[in-house]
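*Asks:* Predicted model, plus sequence, below.
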Amino acid sequence: MRISKGIVLLIISSFLLLSLSGCLELRVAYIPDNLLTNGWHENVEKEESGSSYFGLEKWNILVYENGDVSALTITTIKTLIMMDKEELLKKIDSDIRNTCGDYGITVDGQSKVSGSRMLANGHESRYVIYNGTKNSEDYRIIGEVWSCSYSGISVMCIGMAKISDINGLEGWREIAGDPHGSIEGIKGEGLIYNINCH
């Protein structure tokens, strides 16, 4: 079966119209500046962004760091159809292993803990937490995901902290905390909890 040139042109025109119409404009999730205290800062040199499928899929990665003991990566993804939480969880699990590999951290797969919580932005997130090691140092790693129907984006966060270091332990508390102590009873104005996505 042959497809006519007219149909091909119509499909290409539709993709271009969608790309240019603003319906695929990427609203980047971020941590408000007032929460970047105690040494936390955005490492703008590590920011990445891009697109694929003729601009029908867009993404952005922001990296926040606190010395060499704590880091938090926020990935924002915009597609024609938002990813569901199960798909995001599978992806974050894979991304955790890749990211930890880049940092030389070995993830203990047997230590996996999972759950969900309500964030300050009104979204229910899903998360996974792992223990990790690098040389003789202990790490905690969290992957947390949600989709924002207001801005049509999916958000994936990976936080890691060297908890065998006192500053890293404080970094972990700042990454994972929320006013309700949803994760390990850690109460506070946590970074992931307060991410702005719409």
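*Replies:* That came in fine, so what should we check first? Numbers count the residues shown, from 1 in each chain.

*Asks:* Outside of stretch 160-172 itself, list whatever touches it.
*Replies:* 38-39, 66-72, 99-100, 103, 105, 132, 134, 136-142, 159, 175, 186 (CB atoms under 8 Å, 6 or more residues apart in numbering). Quick note: C-beta positions are derived from backbone N, CA and C, even for glycine.

*Asks:* leaving aside the residues next to it on the chain, what's closest to residue 137?
*Replies:* residue 164 (4.9 Å; CB to CB, 6 or more residues apart in numbering).

*Asks:* which of the contacts of stretch 160-172 are buried?
*Replies:* Applying 16 or more other CB atoms under 10 Å to these, the neighbour count classes 66, 69-72, 99-100, 105, 132, 138-142, 159, 175, 186 as buried.

*Asks:* which residues of this protein score low on pLDDT?
*Replies:* Segments of the chain classed as low confidence (criterion: pLDDT under 70) are 1-24, 53-55.

*Asks:* Kindly list the longest helix within it.
*Replies:* helix 85-103 (DSSP state H).

*Asks:* If we go by neighbour counts, what in that one is buried?
*Replies:* 85, 88-89, 91-93, 95-97, 99-100.

*Asks:* after that helix comes which helix or strand?
*Replies:* The first helix or strand that comes after helix 85-103 along the chain, using DSSP states H and E, is strand 106-118.

*Asks:* what's the neighbour count on the residue nearest to residue 137?
*Replies:* Residue neighbour count, defined by other CB atoms under 10 Å, stands at 14 for residue 164.

*Asks:* And what about it, helix, strand or coil?
*Replies:* Taken by DSSP: H, G, I helix; E, B strand; the rest coil, the conformation at residue 164 corresponds to coil.

*Asks:* Can you give the contact residues for the longest helix of the chain?
*Replies:* Residues from elsewhere that reach helix 85-103, judged by CB under 8 Å, 6+ apart: 71, 73, 75, 83, 106-107, 114, 126, 128, 130, 132, 134, 139, 141, 143-147, 154, 156, 158, 160.

*Asks:* And the buried residues of helix 85-103, which is closest to residue 49?
*Replies:* Compare each of these with residue 49 using CB to CB and the shortest gap goes to residue 95, at 16.5 Å.

*Asks:* Pull out the buried positions in stretch 26-33.
*Replies:* Result for stretch 26-33 [16+ other CB under 10 Å]: buried residues 26-29, 31.

*Asks:* Rebuild those residues as TSV, extending it with secondary structure and distance to residue 192.
*Replies:* Rendered in TSV, the data for the buried residues of stretch 26-33 read as follows (DSSP: H, G, I helix; E, B strand; the rest coil; distance: CB to CB, whole Å):
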residue	secondary structure	distance to residue 192
26	coil	20
27	coil	17
28	coil	15
29	coil	10
31	coil	8
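
*Asks:* Among these, which one lies nearest to residue 59?
*Replies:* In terms of CB to CB, no member of the buried residues of stretch 26-33 lies closer to residue 59 than residue 26, at 7.6 Å.
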